[in-house]
Every structure is written in structure tokens, then in C-alpha cells.
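# Turn this into a model:
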Amino acid sequence: MTIQEIYNKWLPVKRKLVKESTCSTYVYQFTKRILPIYGDKEPEYVTNDEMQRFMLSLIEEGLSVKSAKDIFISFKMLLYYAMERFGVKYIKYRVQFPTVNMEATKDLEVYTEFEQKKIISYIVDYPKPKRLGILIGLCTGMRIGEICGLRWENIDIGNKCIHVTHTIERILDIDTKKSKVIESTPKTIESRRDIPIGRDLLGILKKFKACYNDGFYVITGDEKFCEPRTYRNYYRHLVLNEVGLDRCIKFHGLRHSFATRMIATKADMKTTSRILGHSDVSTTMNLYVHPSMDDKLDAVNKSMKNLFK
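I've put the predicted structure just below:
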């Protein structure tokens, strides 16, 4: 039995067990990465050495270590299914991945303090529902899908927090093989979270909330959501053509800008991680904590100050 044949039996089972967006991810991983290479092969072909070679080739092609690991997990899941269902010999894979994710070593794109002030000032001076999402991104670190899925009922003025309960995302439709936009719940427990609203943002949101139905989406002001791809285009236009900045970083850079400010002001790492919805504090550490030369020099001087007396 080939891996393609096993996949054809495995997928209908998984569709009944996982979220639609998760199953869509499996389909993408297999149809784009795994099946073109291994579809006509039998499971025994995928030895430990072959799996190791495949993972390294994915990273060499430009995939992040995390993406390669996700594909590895999905591939193993299929092979384990083949072992249980069809008696295929199971191989205990011992695949090694590079210890340094090159993506994490790149400088994150963030706005300068001057740029952030200019964006905030423009939105405060010319407030509109659609512009609120950009302000919320800068002030809370929320992801674009979470912002697009935010309704006024999620803005808890009394408790001064935002309840993150839904996200808007574009996925691959398994039946039509075309992309579609869906509203779903966050994939992890950590992503389903309550984010505190600072006093400045709270005052702005309080005024808007009084004007809209609780069931309406925040950035559209009605019952229809705006998909992330459309909102990214709007954000870029606003930053370059209305705010008048010389550059526009990715929307995710608003999240990076927020997190970088939190770290710079010595915010507790666990608190920052919880606000961002990271599943592990180490994710926050690896992404945002990169001590400057001044920080390093200060640490060395402090450690040595009593030795030369």
C-alpha cells in the first residue's frame, strides 16, 4: 500500500476528529510537501535517514524549523495510523533539527517610537471603526485574525479587558481545493485569553462601544467581518497615504512593536507571554529578548565591580 493510498483512508478519519482549519493544514502539508515526493512510495521507504534528509531539505528550501517540525509531526501521524490500521512496520524516528532557527536571529521589524506616536495620533484625531484595529494591534499585540474576529461584546469595559474568543482565517477548502475565509476559535488554550486594556485605549473604546450593537464586529461596525487579507491592504494604505510614514512594516509588526515595548519597560516575561498568547514563555524569550551591547557591558561591570578593590 502506498502512502497516497494510506492518506486517502486517513484523511476522512481526521476530518471527523479535528477542527476544519487544522484538517486544512494537513491537506496543505501533504498535497504540497509530502505526497509529491512520497505519494507513490510505500511506508517502509521512509527510513530514519530518509526522513532526516527530507526535513533538512525543507529547511534548505526556506521553511522555518517550526514549519518543518509541523510537517514531520503530521507525516509521523499518518505512518502511525498505517501501523495501527494496516500492520505497517513502525519506525521510531530520531530526526534532528537545527538548534538555531534562523528566523529568530533576524531583526524583527518594529516601528520606532516616533512612528508609533504618529500612527496613534492620527487615529485618535480621526477616529473610525476600521482604524481601531490598527490601534488595538499597537496597544495589545493581538494578531490580525483575532482583531478581525473581535466583536463589541468582547470589549469588556467594566473589567478593562478584551476577551479573545474568535479568529478569522483563510484556509484551503478540502472539497473544492480553493481557499475560503472562516471564523473559528483560537487553536490553543493560550490564544483564548483576556488582554488588559490600558487607560488611553479604554477611553477610546468606551466611546465607540456606546454606539454599536454588541454583536457587531469592531472594525466594520456591523454584522459582517473583514477578512485579514483585505484589512492588511487597508492598513498599508492608511500608514503610507493617510498617516504619511515613509515605510509600512507588516501588520504583524504591530504585535512585535507592542512586545518590544513591553520588554523594554522591564515587564514581567510571563505576563508578556500570556498577553501575547504564546504557549510557552520560551517563545517570547527567543523572539524578543536580545540584550544590547550596553546591556551586556552593564552586566559584566556589575559582576566584576568587587574584584578590583
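# Would you mind splitting the protein into its domains for me?
Here the domain parsing of the chain from automatic domain parsing is 3-104, 113-288.
# which ones are touching Arg15?
23, 174 (Cβ atoms under 8 Å, 6 or more residues apart in numbering). (Glycine included, C-beta is placed from N, CA and C.)
# Show residues contacting stretch 142-150.
133, 136-137, 162, 164-169, 183, 186, 191, 195, 217-219, 225-228, 231-232, 251-252, 255, 277.
# what about 6 Å?
If you take Cβ atoms under 6 Å, 6 or more residues apart in numbering as the criterion, stretch 142-150 is touched by 133, 136-137, 164, 166-169, 183, 218, 225-226, 228, 231, 251.
# what's the closest non-adjacent residue to Asn48?
Spatial nearest neighbour of Asn48, chain neighbours left out: Tyr93 (5.5 Å); criterion: Cβ to Cβ, 6 or more residues apart in numbering.
# Helix or strand: which one has the one you found?
Using DSSP states H and E, Tyr93 is not contained in any helix or strand.
# Wait, it touches Gln52, no?
No - with contact defined as Cβ atoms under 6 Å, Tyr93 does not reach Gln52; the gap is 8.1 Å.
# Phi, psi for Lys224 please.
Main-chain torsions, Lys224, degrees, to the nearest 10: phi -100, psi 140.
# Number the residues from 283 up from this point.
Yep, numbering from 283; the last one is Lys506 now.
# Looking at it now. What's its pLDDT?
Looking at Lys506, its pLDDT stands at 97.
# separation between it and Cys430?
11 Å (Cβ to Cβ, to the nearest Å).
# same question, Asn441
Asn441 is 23 Å from Cys430, by Cβ to Cβ.
# Compare the two and say which one has the larger neighbour count.
Higher neighbour count among Asn441 and Cys430: Cys430, with 27 against 10, using other Cβ atoms under 10 Å.
# What's the local residue count around the residue nearest to Asn330?
Neighbour count of Tyr375, defined by other Cβ under 10 Å: 16.
# Distance-wise, check it relative to Glu324.
For Tyr375, the distance to Glu324 - Cβ to Cβ - is 16 Å.
# and if you look at Ser461?
Distance of Ser461 to Glu324, computed by Cβ to Cβ: 32 Å.
# more crowded one of these two?
Comparing Ser461 with Glu324 by other Cβ under 10 Å, the one with more neighbours is Glu324, at 14 against 11.
# The closest residue to that one other than its chain neighbours - how many residues pack around it?
Leaving aside its sequence neighbours, Glu324 sits nearest to Thr284 (Cβ to Cβ, 6+ apart; 5.9 Å). Using other Cβ under 10 Å, Thr284 has 15 neighbouring residues.
# same check, this time on Arg529
For Arg529, using other Cβ under 10 Å, the count is 9.
# Give the helix, strand or coil label for it.
Here Arg529 is recorded as coil under DSSP: H, G, I helix; E, B strand; the rest coil.
# tell me which element Ile453 falls in.
Assigned by DSSP H and E, Ile453 falls in strand 449-454.
# Relative to that strand, what are the paired strands and their orientations?
strand 461-466 (antiparallel) (DSSP bridges).
# Tabulate the CA atom coordinates of the strand it pairs with in PDB.
The C-alpha trace of strand 461-466 is given here as PDB (Å, rounded to 0.1, in the frame of the first residue of the first chain):
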ATOM      1  CA  SER A 461      -9.300  29.000  -0.400                       C
ATOM      2  CA  LYS A 462     -12.100  30.300   1.800                       C
ATOM      3  CA  VAL A 463     -12.400  32.500   4.800                       C
ATOM      4  CA  ILE A 464     -13.800  31.100   8.100                       C
ATOM      5  CA  GLU A 465     -14.400  32.300  11.600                       C
ATOM      6  CA  SER A 466     -13.200  29.900  14.200                       C
END
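# Which positions in that strand come out as buried?
463, 466 (16 or more other Cβ atoms under 10 Å).
# ok, Lys374 to Thr502 distance?
50 Å.
# of the two, who's got more company?
Thr502 (17 against 6).
# Not counting residues beside it along the chain, what's closest to that one?
In space, and not counting its chain neighbours, Thr502 is closest to Cys508: 5.2 Å by Cβ to Cβ, 6+ apart.
# That concludes my questions; thank you for your assistance.
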